[in-house]
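Structural data only, the sequence is not supplied:
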């Protein structure tokens, strides 16, 4: 059984490039327990399985922009000497058939579950916003009544009231008169 990765470990390796959620070859190779060059080698041998919407190679400009997001002086340590491949969700799914290892299959299952969770969270968030907007429209009149009632209560509160009880100074004066 392959090592289990947390949602945070995998989700932290998902980037938004070319308006697509992708994972880079080096991160996938790390998760699969293979060398990045081996992963790329297998992809090149099976390139017909990876159309542009499954996998693309970052341009120099994209690589430069991606590098600038990290505050490190040694780019080679990050494994960024060459332009990485970026895999979409479908490309990641295709990798399990190309790598053919038990670990690749198990890791792919984890990654697909996380992509699904992220998609659900996004849809749930959109649904929540839509429901909130509908709720605001429905309840706008009701809240107006609440605000008017609160305004009336504030007017009542601002009217001068007859004092109840006494202050310490009044008590001292009263005590002094009795002596």
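Arrived safely, thanks for sending. Keep in mind that what you see is a predicted model, and the values were worked out from it rather than measured.

what residue ranges in this protein score low on pLDDT?
Across the chain, the stretches falling below the confidence threshold (pLDDT under 70) are 1-3, 69-80, 128-129, 132-133, 135-148, 150-151, 154-179.

Do a quick rundown of the helices in the protein.
In order along the chain, the chain carries the following helices (DSSP state H): 7-11, 25-32, 36-45, 60-68, 89-99, 102-158, 168-178.

ok, so what distance separates residue 42 from residue 115?
Relative to residue 115, residue 42 is positioned 21 Å away (criterion: Cβ to Cβ, to the nearest Å). (Each C-beta comes from the backbone N, C-alpha and C, glycine too.)

Just want to know which of those two has more residues nearby.
The neighbour comparison of residue 42 against residue 115 (other Cβ atoms under 10 Å) goes to residue 115, with 20 against 16.

That one: what's it in contact with?
The contact partners of residue 115, by Cβ atoms under 8 Å, 6 or more residues apart in numbering, come to 14, 21, 89, 92.

If we only consider the residues you listed, which is nearest to residue 104?
For residue 104, the nearest member of the contacts of residue 115 is residue 92. The distance, counting by Cβ to Cβ, is 10.1 Å.

can you count the residues close to residue 56?
Applying other Cβ under 10 Å, we find 20 other residues in the vicinity of residue 56.

Oh, that last question was meant for residue 123, not what I typed.
Residues near residue 123, counting by other Cβ under 10 Å, number 10.

List the contacts of residue 15.
With Cβ under 8 Å, 6+ apart as the criterion, the residues that contact residue 15 are 21, 22, 23, 24, 66, 86.

Pipe the contacts of residue 115 into TSV and attach neighbour count and distance to residue 4 per row.
Formatted as TSV, the contacts of residue 115 follow (neighbours: other Cβ atoms under 10 Å; distance: Cβ to Cβ, whole Å):
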residue	neighbour count	distance to residue 4
14	17	18
21	16	22
89	21	20
92	21	17
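
Could you point out which of those residues is nearest to residue 31?
Distances from the contacts of residue 115 to residue 31 were compared by Cβ to Cβ; the smallest belongs to residue 92, at 9.8 Å.

Let me see the contact set for the closest residue in space to residue 85 that isn't next to it in sequence.
The shortest distance from residue 85 to any non-neighbouring residue, by Cβ to Cβ, 6 or more residues apart in numbering, is to residue 25 (4.2 Å). Taking Cβ under 8 Å, 6+ apart as the contact definition, residue 25 lies against 36, 39, 40, 43, 84, 85, 86, 87.

now swap in residue 4 and tell me
Contacts here follow Cβ under 8 Å, 6+ apart; on that basis residue 4 touches residue 110.

Distance check, the residue nearest to residue 85 against residue 43.
Spatial separation of residue 25 from residue 43 under the definition Cβ to Cβ is 8 Å.
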